[in-house]
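> sequence and predicted structure are below.
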Amino acid sequence: MKQQHTAVKPVHKELLHAKIADAIMEYIKVNQLSEGDKLPSERILAEQFVTSRNSVREALRVLERDNIIEVRPGSGAFVRAHEESVSFYLKLWKVNYIEILEILEILEGNMVKKICGKLSREQIRPLEEYLQQMEQNAEKTGTFLHETDILFHQTMRSYSKNQTLIQLIDELIQSLHSYWKNLKGEDAQWISTLPYHRKLVEAIRDGELREAQGALKKICDIDKDITEYLQESNGK
């Protein structure tokens, strides 16, 4: 078991137990806990999350139900072998992933409008570097770097300075990528978005709003086509 752990993040009292379950999942991920590792006690988790022990207990039940942890009476909660899960908070919704993509298109379109033509060379550089990594990898291996794509869009969103909107979009993006991971599809479909990522960066850099929004729309349209195709192919 690891001896030094990154501290858990506080959770606002009004949030549902599902958000606490997500926070515990994040704790497991950040601290790289493995099967058999013990979680902090309910009391410590409640103090760290700034919430009640009852809320923590309910969150642990949710995690145990999904076989992510095992609660041993008198001993505590222990990590089980698990795969990355869709946000428990989002599981409370009847999720329609096509509708999520449509929401993201609107939200990111507004962000593009806010930053278009206003970024410095230093701010543009990481976007170009992430894009170059994806392009070179696609050419060499024929695979799409999803994690680099996440970093690309997170960096772009960070320039808007709207932390509430950034957090909302990140939550939706996480649910989509977790969902896509559970489906089988060809990377070539996502690779086809790279030319539009290139157009998006260039248009933002040059202050060409119409071109930037058009490129973003093409990316979103392809994402929707991919999602519909994967849903049909995988029966989900």
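Cool, the structure landed.
> what count of nearby residues applies to Gly142?
Gly142: 11 surrounding residues under other Cβ atoms under 10 Å. Every residue, glycine included, has its C-beta placed from N, CA and C.
> meant to ask about Lys161
Neighbours around Lys161, by other Cβ under 10 Å: 11.
> quick check: closest non-adjacent residue to Gly36.
Phe78 (6.0 Å; Cβ to Cβ, 6 or more residues apart in numbering).
> just say helix, strand or coil for that neighbour.
Secondary structure, DSSP: H, G, I helix; E, B strand; the rest coil: Phe78 is strand.
> quick one: contacts for it?
Contacts for Phe78 (Cβ atoms under 8 Å, 6 or more residues apart in numbering) come out as 36-39, 69-72.
> state the pLDDT value of Tyr97.
We have a pLDDT of 78 for Tyr97.
> flag the shaky bits of the protein, pLDDT-wise.
1-16, 81-95, 178-179, 181-186, 231, 233-236 (pLDDT under 70).
> check which helix or strand covers the one residue sitting closest to the centre of it.
Central residue of the chain (Cα atoms, centre = their mean): Gln174, 2.2 Å from the mean position. Secondary structure assignment for Gln174, by DSSP states H and E: helix 163-181.
> buried residues, that helix. List them.
Buried residues in helix 163-181, counted by 16 or more other Cβ atoms under 10 Å: 165-166, 169, 172-176, 179-180.
> name the nearest residue to Arg57, ignoring sequence neighbours.
That would be Glu42: by Cβ to Cβ, 6+ apart, it lies 5.9 Å from Arg57.
> where's the one you found relative to Glu70, distance?
15 Å (Cβ to Cβ, to the nearest Å).
> again, but for Asn96
33 Å.
> what about the residue located most distally from the centre of the chain, which SS state?
Here the centre of the chain is the reference, and by Cα atoms, centre = their mean the most remote residue is Gly74, at 35.0 Å. The three-state assignment at Gly74 reads coil, by three-state DSSP.
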